[in-house]
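Novice: Below are the sequence and a predicted model for it; my questions follow.
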Amino acid sequence: MESMQYNITEIKKELIKSRSMAKFSHYMSGNLYYRVDLEMGTYQFPISTIEEGATYDGGEGDSENYVETIKLSSDLGHSTFEAEIKASYLNRWLQKAIKNEQFVKVG
C-alpha cells in the first residue's frame, strides 16, 4: 500500500463534488476500515473503535497492580457505521487518517 501526503481541503472538495460513498472493507485490530473511490484512485483509512489504558486495582502501588483495560473509543460518540455511507460524513476520521499518514492508496 502506498502512503502519501494529501491536502485535506482538496480531498474534502472532491468528496463533496463527487458525492463519493465510503464502503466498509474490514475490521482488524480494533479498527474499522473504509474505502473511498476518488479521481486519483481508491483509498483506505481506519476508524479506531477502542482505546487502551490501565487502571489501578488498589494494591501497594507497584506495576503489578495495574490492569490493562480496553474501552470503546470516546471519538465514536453515537455514530452509526453503515456498510456504505457518504464519505463526507466520515470527515473527522478522514482528517485524522490523512494527518497520521494512514490514508493509503489501495487501487
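Specialist: Yes, it's here.
Novice: Doesn't Lys96 belong to a helix?
Specialist: Yes: under DSSP: H, G, I helix; E, B strand; the rest coil, Lys96 sits within a helix.
Novice: Tell me the pLDDT of Ser63.
Specialist: pLDDT recorded at Ser63 is 59.
Novice: no no, Tyr34
Specialist: pLDDT, Tyr34: 96.
Novice: any idea how far the residue nearest the centre of the chain lies from Glu68?
Specialist: When CA atoms, centre = their mean is applied to the chain, the residue found nearest the centroid is Ile47 (2.0 Å). Look at Ile47 and Glu68: by CB to CB, to the nearest Å, they are 22 Å apart. Where C-beta positions appear, they are placed from N, C-alpha and C, glycine not excepted.
Novice: how close does Lys23 get to Glu10?
Specialist: 21 Å.
Novice: Likewise for Gly41?
Specialist: 14 Å.
Novice: before we move on, what about Thr69?
Specialist: 39 Å.
Novice: Restricting to C-alpha, output the helix or strand where Gln44 lies in PDB.
Specialist: Per DSSP states H and E: Gln44 is located in strand 41-48. The C-alpha coordinates for strand 41-48 follow below in PDB (Å, rounded to 0.1, in the frame of the first residue of the first chain):
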ATOM      1  CA  GLY A  41      -7.700   6.200  -7.100                       C
ATOM      2  CA  THR A  42      -9.100   4.000  -4.400                       C
ATOM      3  CA  TYR A  43      -8.000   4.900  -0.800                       C
ATOM      4  CA  GLN A  44      -8.500   3.200   2.500                       C
ATOM      5  CA  PHE A  45      -8.500   4.600   6.000                       C
ATOM      6  CA  PRO A  46      -9.100   3.300   9.500                       C
ATOM      7  CA  ILE A  47     -11.500   4.300  12.200                       C
ATOM      8  CA  SER A  48     -10.300   3.300  15.700                       C
END
